[in-house]
Structures are given as structure tokens and as C-alpha cells.
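Asker: My questions are about this predicted structure, shown below with the sequence.
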Amino acid sequence: MRETGIIYGNSLHALAAEEGCDSVIKEQLAEVEAVRAENPDFFSMLDAPQISAEEKLKIASEVFDGCHPYVVNTIRLLVERRSLAAFGYMVKAYEKAYNKAHNIAVVTAVSAAPIDEKSEAAIVEKLKKQLGKEIELNKKVDPSVLGGVVLRTDGLQIDGSVRSRLEAIKKEIVR
């Protein structure tokens, strides 16, 4: 299902970008993905063989009626092809293609306590300069960090945590 999702996500992004509606589609896909995460039984029902294809398509059309036609038609196509399990992969592939097209780096900042607005702005500004991209910062709190911040993006990790400094000192002492 992963490959199917990637193909659909990249294809949908190419179409939406060509039509100039890729930002709207990205937002709506994220909303639908949130609904899917909160109501997995609903998506399972749309994949159930006990319900006729016509009924499933009708339900999908009604539930997602307020969405852009590309979103509705993609969901209908996944339902029709019994590939709805690929939806999550499709959303991730779409977001990845969108971020690449818009020069956006998604960075996860892990800290022991919530990051205040001033610190967040400083982190974003520094990352913009360092990476040469717009930054989408996702913040997570993890008390095991002890202090400082660990930043992660696309295989790159910048560890400015107190924990990593303590471990470095420990290694130095052990030598």
C-alpha cells in the first residue's frame, strides 16, 4: 500500500500544483487525515466488502462534500480500487512533494519544556539561514532532554541538549 500511496500522493500534487491549488489540497488532506486518525472504523467501513461499491462511493461523496473536487475524487478512486489503506501514505507523499516544491524544511524541535515564542522565532531564523529554506517547526516536549533543544530534519540532527553535553563530558572523563 505504501507504493500506491506514494504514486497517488505525487500524482495528486503534480495535478494540484499545475492548477495552482496545491496549498488548499494540502490543508484539506491534513484535515481528512485527522478525521481518519480519529475515526479509523469509518475508513474501514469504506473498505468493507459487505457494502456495495455504489453505496461506499455515495457515502464518501456525501461525507467529503465540502472538500475540493480533487480530494473527493481521489478518495472515491481509492475506495473504488479498494486501496483506502494507502491514504496515510498518500498524504505523506503529497506533503513531501509540496514541501519540496515550496522549499520548506519540516523540523522537529524536542525540548524538556515548551519553547517560548521568542526562542521559537530565533530557532526558525537560524535554521532558515543554515538550511536556505522556509521552516515548518513541529515542537515536542520530552523531559529526558533535560535542557536545550534537539532539532531533527531529513536525516540531520542538531543536538544542543544538556543531556548530550553531559554524555560528552562523561566520555571525556572516562578516557
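Answerer: Everything's here; your move.
Asker: alpha carbons only for contacts and neighbour counts from here, please
Answerer: Will do.
Asker: Phi and psi next, for the residue most central in space within the chain.
Answerer: In the chain, the centroid-proximal residue (C-alpha atoms, centre = their mean) is K92; its distance is 5.3 Å. For K92, the backbone dihedrals are phi -60, psi -40 (criterion: degrees, to the nearest 10).
Asker: correct me, but it touches G9?
Answerer: Yes. Taking C-alpha atoms under 8 Å as the contact criterion, K92 and G9 are neighbours in contact, 7.4 Å apart.
Asker: Flag every buried residue along stretch 113-130.
Answerer: Of the residues in stretch 113-130, those with enough neighbours to count as buried (16 or more other C-alpha atoms under 10 Å) are I115, I123, V124, L127.
Asker: Would you check which pair of those residues lies furthest apart?
Answerer: The span of the buried residues of stretch 113-130, defined through C-alpha to C-alpha, is set by I115 and L127 at 15.3 Å.
Asker: out of everything not next to it in sequence, what's closest to L29?
Answerer: In this structure, L29 finds its nearest non-sequential neighbour in V91, 6.3 Å apart by C-alpha to C-alpha, 6 or more residues apart in numbering.
Asker: quick one: the helices in the chain?
Answerer: With DSSP state H as the definition, the chain shows helices at residue ranges 2-19, 22-38, 40-47, 53-63, 69-80, 87-101, 117-131, 162-174.
Asker: ranking those helices by burial, who's on top?
Answerer: Highest mean neighbour count among these (mean count of other C-alpha atoms under 10 Å): helix 87-101, with a mean of 21.
Asker: and that one, how far out from the chain's middle?
Answerer: Here helix 87-101 shows a centroid-to-chain-centroid distance of 7 Å under the convention C-alpha atoms, centre = their mean, to the nearest Å.
Asker: what do you get for stretch 58-72?
Answerer: Computed by C-alpha atoms, centre = their mean, the chain-centroid distance of stretch 58-72 equals 21 Å.
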